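Visitor: sequence unknown, structure follows:
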């Protein structure tokens, strides 16, 4: 028996580094009582806690989809392992057989036959046109039967959990989950988990969101697109935030010629439309990747490099707003009494920046980073729609919307690919915007609603 061969993509490493950084920040917050109280105020509101759970679920799916490997093939020679050329992920294994059954062409959601007629021979060897049955729905039970079985199983599991938890808290003579937000969060998390489990249970027998032109399951494509959206929204910060922090604080603290030079740079970058810069850079990178295709061992690595370069381009063209805010905040902080006292005592500029200025501007970095997350997810969809986004082989919501724009003109219209991509993208963007609004109200001193 051979173990799968791990495949390390660059974006996999970066998204896991981002996850580890977030876990470290959470640990730091738990050790800091004022910060813990602030975040507690945010999560105490049911709306924000529900949106945080949605973001956690999407991020978990993206992390599971960022563990890639090649499966070993069965060979007669057991001493030499042979691995498949296809790169799979841990998410593919978890949701299998979703995405493994490919039909001939279009099929509607929960359909049992293909959408288009095809010719076949009957017993008399005559050609007849008919709707062919789908492979996945062959001898499948009805949706009503599957729903009843799922609800019955879910009810048994729910009652068992409530009995165990209730007995535990009754023995300890404590009120079960006194905080209202904790009850709401637990209830919403249970409902969301039940919904995802129900969709995965149905996907064993039906194409829940139908199939596309080449017969691929739309639900599988929609779930796989989550990783692309999360990577665009998170990995881009690795390129934009350090640049904005360095230049913004340097311009505000040192002033004079340093300030003039940095202002000239971000004013020039801001004067050019970002879509033009991104399009020109992506088109140039396409030529570069085409000339150096031999550098990449597989198509997945080439597509991953294009995704990473897209994140870098978005980061290098989107740092100006944060840099301008940090410059203005640093100009205000450097005139405070404790900064003047530190300079008088001979404290070095480096120590002043890292000990006094940087901690006092990190709330702006946090607010802008969370707010820009949803904008970056939408930017990927727009860029892929106009053909300068991720590689065509990369599954993303933008590529799904781009391929679905011509399908709406068919008769009958193929609407389910667009609807599935829009629903998942809208859910992620809405949850991120609500959480960003809460973070802004929490850390912005001019706001006092949270």
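Guide: Thanks, I have it. Just so it is clear, the model here is predicted, and its values are computed rather than measured.
Visitor: show me what contacts residue 232?
Guide: When contacts are counted by C-beta atoms under 8 Å, 6 or more residues apart in numbering, residue 232 touches 307, 310-311, 314, 376-377, 379-380. Heads up, the C-betas are built off the backbone N, CA and C, glycines and all.
Visitor: so what's the backbone phi/psi at it?
Guide: phi -60, psi -40 (degrees, to the nearest 10).
Visitor: could we number from 776 for the rest of this?
Guide: Taking 776 as the first residue, the last one we looked at is residue 1007.
Visitor: one step back: out of the contacts of residue 1007, who's nearest residue 962?
Guide: Comparing the contacts of residue 1007 against residue 962 with C-beta to C-beta places residue 1152 closest, at 27.1 Å.
Visitor: Take the contacts of residue 1007 and write them to TSV, including distance to residue 971 and neighbour count.
Guide: Shown next, in TSV, are the contacts of residue 1007 (distance: C-beta to C-beta, whole Å; neighbours: other C-beta atoms under 10 Å):
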residue	distance to residue 971	neighbour count
1082	25	24
1085	28	28
1086	27	26
1089	29	27
1151	25	23
1152	20	22
1154	27	22
1155	23	28
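Visitor: I'd like to know which of those residues are part of helices.
Guide: Those of these mapping onto helices are 1082, 1085-1086, 1089, 1151-1152, 1154-1155, per DSSP state H.
Visitor: Could you export those as a markdown table, including distance to residue 1051?
Guide: Conversion of the ones in helices among the contacts of residue 1007 to a markdown table gives the following (distance: C-beta to C-beta, whole Å):
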| residue | distance to residue 1051 |
| --- | --- |
| 1082 | 21 |
| 1085 | 15 |
| 1086 | 18 |
| 1089 | 14 |
| 1151 | 18 |
| 1152 | 21 |
| 1154 | 14 |
| 1155 | 17 |
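Visitor: Skipping adjacent residues, who's closest to residue 1203 in space?
Guide: In space, and not counting its chain neighbours, residue 1203 is closest to residue 833: 5.6 Å by C-beta to C-beta, 6 or more residues apart in numbering.
Visitor: Please read the previous query as pertaining to residue 1175.
Guide: Leaving aside its sequence neighbours, residue 1175 sits nearest to residue 1196 (C-beta to C-beta, 6+ apart; 4.1 Å).
Visitor: how far away is that neighbour from residue 1136?
Guide: Per C-beta to C-beta, to the nearest Å, residue 1196 is found 37 Å from residue 1136.
Visitor: more neighbours, those two?
Guide: residue 1196 (25 against 22; other C-beta atoms under 10 Å).
Visitor: isn't the more buried one right up against residue 1179?
Guide: Yes - under the criterion of C-beta atoms under 8 Å, residue 1196 makes contact with residue 1179 at 7.2 Å.
Visitor: what's the weakest-modelled helix or strand in this protein?
Guide: helix 918-946 (a mean of 65; mean pLDDT, DSSP states H and E).
Visitor: how about the helix or strand containing residue 803: buried residues?
Guide: Element membership for residue 803 (DSSP states H and E) is helix 785-806. Within helix 785-806, the residues scored as buried using 16 or more other C-beta atoms under 10 Å are 786-787, 789-790, 793-794, 804.
Visitor: is it possible to export those residues to CSV including distance to residue 843 and pLDDT?
Guide: CSV is the format used below for the buried residues of helix 785-806 (distance: C-beta to C-beta, whole Å; pLDDT from 0 to 100):
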residue, distance to residue 843, pLDDT
786, 10, 90
787, 6, 90
789, 14, 90
790, 12, 92
793, 17, 89
794, 16, 91
804, 31, 83
